[in-house]
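Undergrad: here is a sequence together with a model predicted from it:
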Amino acid sequence: MTVSRLVIGIGNPDRGDDAVGIAVARGLSQRALPGLRIAETGGDMLGLLDLWAGAGRVVLVDAAGPAGRPGRIHRLDPTAGALPRDLSLGSTHGFGLAETLELARTLGRLPPRITILAIEAAGFAHGAALSAPVAAAVDEAIALITADLREVSDA
């Protein structure tokens, strides 16, 4: 199936700030954005290659390891090269996001336009809710994505 615009929330809703990508995806699903598909994924990063197949514009939202200020949003363009190591976008379960993007690049399977919103986390404890600064970043991330997708569709 060909999808022009796709937002994928990545995370585990039972691991504190790791749920931020899922929270952003669910928040976006409550808005009426025509032509936008929203998906959620957990630990299967290799599955992203199939999930985004055929999409012309993809936005990935994921938690990043603490690098300075919880809740800070980093906007990354993986088509420009490897992701910064200091954001810890890896995984303890096999392939992480960074490795999956490099594999997709090598295989020629990166979407034509792809952006990552990496939101700095405060913690990943089992059973914890989103920390206050990360929860506050959810609405900001939704606004950034919405503005970016509208700008792309107006161009």
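TA: Thanks, I have it. Numbers count the residues shown, from 1 in each chain.

Undergrad: for the residue most central in space within the chain, which three-state class applies?
TA: Geometric centre of the chain, nearest residue: V61, 1.7 Å, by CA atoms, centre = their mean. Classification of V61 by DSSP: H, G, I helix; E, B strand; the rest coil places it in strand.

Undergrad: please name the residues that touch it.
TA: V61 makes contacts with 7-10, 20-21, 24-25, 116-117, 119, 141, 145, as judged by CB atoms under 8 Å, 6 or more residues apart in numbering. Placement of C-beta: from N, CA and C, glycine included.

Undergrad: and it, how close does it get to T106?
TA: Separation of V61 from T106 (CB to CB, to the nearest Å): 24 Å.

Undergrad: show me which helix runs longest in the chain.
TA: Ranked by number of residues, the top helix in the chain under DSSP state H is helix 132-154.

Undergrad: which helices and strands does that helix pack with?
TA: When contacts are defined as 3 or more CB pairs under 8 Å, 6 or more residues apart in numbering; DSSP states H and E, helix 132-154 packs onto strand 5-10, helix 20-29, strand 57-64, strand 73-76, strand 113-120.

Undergrad: is the nearest residue to E140 once chain neighbours are set aside bridged to anything, and to what?
TA: Of all residues not flanking E140 in the chain, I73 sits nearest, at 6.3 Å (CB to CB, 6 or more residues apart in numbering). On the basis of DSSP bridges, I73 is bridged to I119.
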